[in-house]
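>>> My questions concern the predicted model and sequence given below.
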Amino acid sequence: MGNLAYPSRFSNHLPPPSIGGTKSAEPEHVHLSYGFPASDLLPIRELNEAANAALQVARVDLLHYSGAQGPVRVKSWVLNRVRKFGLLAEGGNFLPVFGAIQGIDLTARILINPGDEVWVEAPTFFNALQSFRAAGAQICSFPVDEEGLQVNRVEEALQKASAEGRKLPKFIYIMPTFQNPTGSTLPIGRRRQLAQLAKDYDVYILEDDAYAELSFNGTTLPAVYSFAPERVIYVSTFSKTLGPGLRLGWVIAPEEIIQYMATLSLGSQLNPFTQEIVGELLEHYDFDRQVERLSDRYRSRRDTMIRALHEELGSEIQVSVPDGGFFIWVTFGEHVDVNAVAPLAHRRGVSFVSGNAFFNDGKGARYLRLCFSHCSEEQIRKGLRSLAEAYYSIYSG
């Protein structure tokens, strides 16, 4: 199992402060960098009512180590909900965690020893890269196209490593649905292929499905887990639907993996107070309607952002058009370095995330990620005007 130490030599790989979760004190600033949900659609009133009900029913039990019935209710609800993505799992396959990122980090800690390989998409989620580096992994990247991870490239690499007698990766980390940062979605054929490779070569898949609920066209694809449950560690979260401040996600994995993760949690129940409230909420809340509201809003904001990008930057860029999630991935010409644009854009009142953060080798200077979920449509248009002004102040077109 993996090394639990977090060596200080990895600190130079931390993502820059501009892409963290701390809000700026500048009220007029347009934060197209924040991967936040729409604040006005978070269920404040319903959570307040659920909290009052939980306190009335569970009383002091929800303040004890194991809580009352909340953790059981959350587990039951999630295991039923994920059936829509093809996951047929039992209670022993489930572990609540502090958001999807803890599930990612626990996977790294139990599977990686220093020097082990982890294979990832390029680009990929920067916090996952940070976790893998901290565990001492050697990271190998595989390109993403408009349909997600190029699984054929992964297959070729597995074949070559096996033929040469080299160690195979401990796991392959993917975001198959509305990927962060590109917004791409892995089609069902590639999902099946990747699952079969995991079985054939006896490697794990770490499937991060944080955005799967947020489909703009109502399409739901089966998770990679559904094709190889014995080789997939599946993580997801309530952060994108009920609110990231709840810090409540889950891992669904083979029972042995769950047991190792639970051991690292020292046997303590994850935040029973929060689970009591969420468990109470889920029993009475129209979660499907919440997902519909979010998806309708984000579809509209995505369309506004796409139009504004074409109006402001036109032929200077190529733009992804995601079918769900939070993000749009923008590609500039090979001569462009968005890191030079970023400070000028910030002075004009808009922030974004430069592409370098999403590549293990630090490349990606011609790319940037924009988030459309958090800002209003007016803010999106304003922010992209400012971004274009900053860009054209360096690159005249």
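Perfect, I can see it now. Residues are numbered from 1 along each chain as shown.
>>> residue ranges for the helices of this structure, please.
Counting by DSSP state H, the chain has helices at residues 44-58, 70-81, 99-111, 126-134, 151-163, 188-201, 255-264, 272-284, 287-313, 338-347, 377-394.
>>> now the ones you listed in CSV, with mean neighbour count?
Heads up, the C-betas are built off the backbone N, CA and C, glycines and all. Listed next are those as CSV, based on neighbours: other Cβ atoms under 10 Å:
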stretch, mean neighbour count
helix 44-58, 16
helix 70-81, 18
helix 99-111, 24
helix 126-134, 23
helix 151-163, 15
helix 188-201, 18
helix 255-264, 16
helix 272-284, 22
helix 287-313, 17
helix 338-347, 18
helix 377-394, 19
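>>> which one of those helices lies closest to Gly355?
helix 338-347 (6.5 Å; Cβ to Cβ).
>>> Any figure for the gap between the nearest residue to His310 once chain neighbours are set aside and Pro181?
Leaving out its chain neighbours, the residue that sits closest to His310 by Cβ to Cβ, 6 or more residues apart in numbering is Val319, at 7.3 Å. Here Val319 is placed at a distance of 13 Å from Pro181 (Cβ to Cβ, to the nearest Å).
>>> what residues are shared contacts of these two?
Common neighbours of Val319 and Pro181 (criterion: Cβ atoms under 8 Å, 6 or more residues apart in numbering): Trp329.
>>> neighbour-wise, which of the two wins?
Using other Cβ atoms under 10 Å, the more surrounded residue of Val319 and Pro181 is Pro181, with 30 against 15.
>>> domains for this structure, by residue range?
In terms of domains, the chain is parsed into 27-42+289-394, 44-284 (source: automatic domain parsing).
>>> now those domains in a markdown table, with mean pLDDT?
What follows is these, written out as a markdown table (pLDDT from 0 to 100):
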| stretch | mean pLDDT |
| --- | --- |
| domain 27-42+289-394 | 97 |
| domain 44-284 | 95 |
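>>> Now the terminal residues of stretch 119-132, how far apart.
Taking Cα to Cα, to the nearest Å, the first and last residues of stretch 119-132 lie 10 Å apart.
>>> Sorry, wrong one. I was asking about stretch 363-378.
Terminal residues of stretch 363-378 are spaced 32 Å apart (Cα to Cα).
>>> so how far is it off the chain centroid?
15 Å (Cα atoms, centre = their mean, to the nearest Å).
>>> is it true that Arg297 touches Ala38?
Yes - counting by Cβ atoms under 8 Å, Ala38 is a contact partner of Arg297 at 5.6 Å.
>>> Now do the shared contacts for the two.
Joint contacts of Arg297 and Ala38 (Cβ under 8 Å, 6+ apart) are Ser373.
>>> and the residue nearest to Val82 when sequence neighbours are not counted, how many neighbours?
Leaving out its chain neighbours, the residue that sits closest to Val82 by Cβ to Cβ, 6+ apart is Ile252, at 6.7 Å. Look at Ile252: counted by other Cβ under 10 Å, it has 27 neighbours.
>>> Tell me what Ile252 is bridged to.
Phe94, Tyr234 (DSSP bridges).
>>> any idea of the angle the lengthiest strand in the chain forms with helix 126-134?
Longest strand in the chain, counting residues (DSSP state E): strand 138-145. Between strand 138-145 and helix 126-134, the angle comes out at 160 degrees (axes from the mean of the first three to the mean of the last three Cα atoms, to 10 degrees).
>>> Give me the sheet partners of strand 138-145 and which way each runs.
Counting by DSSP bridges, strand 138-145 is paired with strand 117-122 (parallel), strand 148-149 (antiparallel).
>>> Tabulate those (CSV), appending mean neighbour count.
Output for the strands paired with strand 138-145, formatted as CSV (neighbours: other Cβ under 10 Å):
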stretch, mean neighbour count
strand 117-122, 25
strand 148-149, 26
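>>> Now render the ones you listed as TSV, adding distance to Arg133.
As requested, those are exported to TSV (distance: least, Cβ to Cβ, whole Å):
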stretch	distance to Arg133
strand 117-122	9
strand 148-149	20
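>>> To Leu206, which of those strands lies closest?
strand 117-122 (8.4 Å).
>>> ok, and what's touching the closest one?
108, 112, 128-129, 132, 137-144, 148-149, 154, 157, 167-175, 179, 358-360.
>>> Between the strands paired with strand 138-145, which one is closest to Ile101.
Nearest to Ile101, of all the strands paired with strand 138-145, is strand 117-122, at 14.8 Å by Cβ to Cβ.
>>> what angle do that closest one and helix 151-163 make?
Using the same axes, to 10 degrees: strand 117-122 against helix 151-163 is 160 degrees.
>>> how distant is strand 117-122 from the center of its chain?
The chain centre lies 15 Å from the centre of strand 117-122; the measure is Cα atoms, centre = their mean.
>>> now stretch 355-363
Distance, centroid of stretch 355-363 to centroid of chain: 16 Å (Cα atoms, centre = their mean).
>>> Next: stretch 299-316.
Per Cα atoms, centre = their mean, the centroid offset for stretch 299-316 relative to its chain is 23 Å.
>>> residues in contact with it?
For stretch 299-316, the external contacting residues (Cβ under 8 Å, 6+ apart) are 216, 317, 319, 321-322, 328, 330, 332-333, 370, 372-373, 375-377, 380-381, 384-385, 387-388, 391, 395, 397.
>>> redo that, cut-off 6 Å
Phe216, Val319, Ile328, Phe372, Glu377, Ile380, Arg381, Leu384, Arg385, Ala388 (Cβ atoms under 6 Å, 6 or more residues apart in numbering).
>>> Next, the fourth one: phi, psi?
In this entry, Phe372 is assigned phi and psi values of phi -100, psi 0 (degrees, to the nearest 10).
>>> Tell me how many other residues crowd it.
If we define neighbours as other Cβ under 10 Å, then Phe372 has 26 of them.
>>> measure it to Lys167 for me?
Separation of Phe372 from Lys167 (Cβ to Cβ): 41 Å.
>>> next one: the last one
Summarising the geometry, the distance separating Ala388 from Lys167, computed by Cβ to Cβ, is 47 Å.
>>> Give the buried residues for stretch 354-371.
354-360, 364-371 (16 or more other Cβ atoms under 10 Å).
>>> Nearest to Ser33 among these?
Taking Cβ to Cβ as the measure, Ser33 lies nearest Cys371 of those, at 6.6 Å.
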